[in-house]
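Visitor: quick one, fold the following:
(4 chains)
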Protein chains: 2
Amino acid sequence: MKMSEGVEWALHSCVNLAWSGPDRAVSAARLAAWHDLPAAYLNKQLQALARAGIVTSTPGPRGGFRLARPLDAISLMDVVAAVEGPEEAFRCAEIRQQGPGAGAPAAHTADCAIAHAMTRAEMAWRRALAAQNLDEIRQQAERQAPEAPERLRAWLAAR
Amino acid sequence: MKMSEGVEWALHSCVNLAWSGPDRAVSAARLAAWHDLPAAYLNKQLQALARAGIVTSTPGPRGGFRLARPLDAISLMDVVAAVEGPEEAFRCAEIRQQGPGAGAPAAHTADCAIAHAMTRAEMAWRRALAAQNLDEIRQQAERQAPEAPERLRAWLAAR
DNA sequence: GCCCACGTACTCGGATAAGTGATGTCCGAGTGTAGTCGG
DNA sequence: CCGACTACACTCGGACATCACTTATCCGAGTACGTGGGC
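Guide: Here you go, the predicted model:
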């Protein structure tokens, strides 16, 4: 079980967009170059964020992406769901209904105990993701590297 | 992000092994046939459980697998870790250290804020998995289908 | 009748192929800008 | 000099390859049982 790298890219990009400021849109190519990522593929992830309403996109020159709402209104869960899709990691295939082990049909109206337990754990994960918003991430990143926002703005302005 | 189907198979197999009783070993082929699964591939998952010390394997005729310890001493986390591997789903690639965005090396001694947040959520998931043991699963399954254990034992005895 | 050696059938275990989704790349539609031409 | 038109460059957006990992399969090493022969 491996989470897509696009999640990490998308999260960093959101913070970078916040540092860039709401006035100017930043193109996928700029965001990708900042961390030396494949631009076209990062664009794919940003499109997913746009579909989820996390960022807005504007075409044409001076276009690009910008945040659709403040960082503190974007949770980790929002970004993960946008990039990874809304499906659960564990998908019950109902194998208990297959083969000689398939019991009476009445027993299958109730949820599979295993699926229920796995879903419960996954909900804990989702709640933990939803409880953290990107502004907290930004604040911690700025404590570690206070000069980062200004460096990004200067780099963007220089091109 | 998708969890391997082997997890579901392994969990069902553990409960089935418990129902079969500790006296007799059950071969991978029998366990697979019970739910109409590919035998050789289920065998692979059972080998992973054996490496993790969850089940023991005995070769030769009348051989097979049996539980290495009681169900209430096996957590969901044990099985998931055995089948999926111990790695986290989110793996920080440290993209902040790449490209023009790479800050001063000193900033990299601290954990990436994003990785830290993602790990925190994943720990909640792992704790929720570790808090549930397979005996609880078995009890719930027996409430839904009380005849299931006896049906399995009869089916195993008939061959 | 009892014991031992042998062959057989069955098991796990790991090495070896397909299928599917993530990863990466490319080109087209659309848009804002700047330059240019005409009034 | 001012305004409108035109061409261009830059952007997103989705369609098209490539790769890794999951899924699936196969065969070999090892073991217990049953059988046959010898004592």
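Visitor: can you give me the helices for chain A?
Guide: Taking DSSP state H as the test, the helices found in chain A are A:5-20, A:28-34, A:39-51, A:76-84, A:113-130, A:134-144, A:148-157.
Visitor: got those helices as a markdown table, with mean pLDDT, distance to B:Ala130 and mean neighbour count columns?
Guide: In short, each C-beta sits where N, CA and C put it, glycine included. Putting the helices of chain A into a markdown table (pLDDT from 0 to 100; distance: least, CB to CB, whole Å; neighbours: other CB atoms under 10 Å in any protein chain shown) gives the following:
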| stretch | mean pLDDT | distance to B:Ala130 | mean neighbour count |
| --- | --- | --- | --- |
| helix A:5-20 | 98 | 24 | 23 |
| helix A:28-34 | 97 | 38 | 20 |
| helix A:39-51 | 98 | 32 | 17 |
| helix A:76-84 | 98 | 22 | 22 |
| helix A:113-130 | 97 | 9 | 19 |
| helix A:134-144 | 96 | 26 | 18 |
| helix A:148-157 | 95 | 36 | 16 |
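Visitor: include distance to DNA strand D when you put those into TSV, please.
Guide: Output for those, formatted as TSV (distance: least, CB to the nearest atom of the strand, whole Å):
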stretch	distance to DNA strand D
helix A:5-20	10
helix A:28-34	4
helix A:39-51	4
helix A:76-84	13
helix A:113-130	14
helix A:134-144	19
helix A:148-157	11
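Visitor: would TSV of the ones you listed with distance to A:Ser57 be doable?
Guide: Shown next, in TSV, are the helices of chain A (distance: least, CB to CB, whole Å):
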stretch	distance to A:Ser57
helix A:5-20	11
helix A:28-34	9
helix A:39-51	5
helix A:76-84	13
helix A:113-130	24
helix A:134-144	18
helix A:148-157	17
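Visitor: figure out which of those helices is closest to B:His12.
Guide: Nearest of these to B:His12, taken as CB to CB: helix A:113-130 at 6.7 Å.
Visitor: and that closest one, what does it pack onto?
Guide: In terms of contacts (3 or more CB pairs under 8 Å, 6 or more residues apart in numbering or on different chains; DSSP states H and E), helix A:113-130 is packed against helix A:76-84, helix B:5-20, helix B:76-84, helix B:113-130, helix B:134-144.
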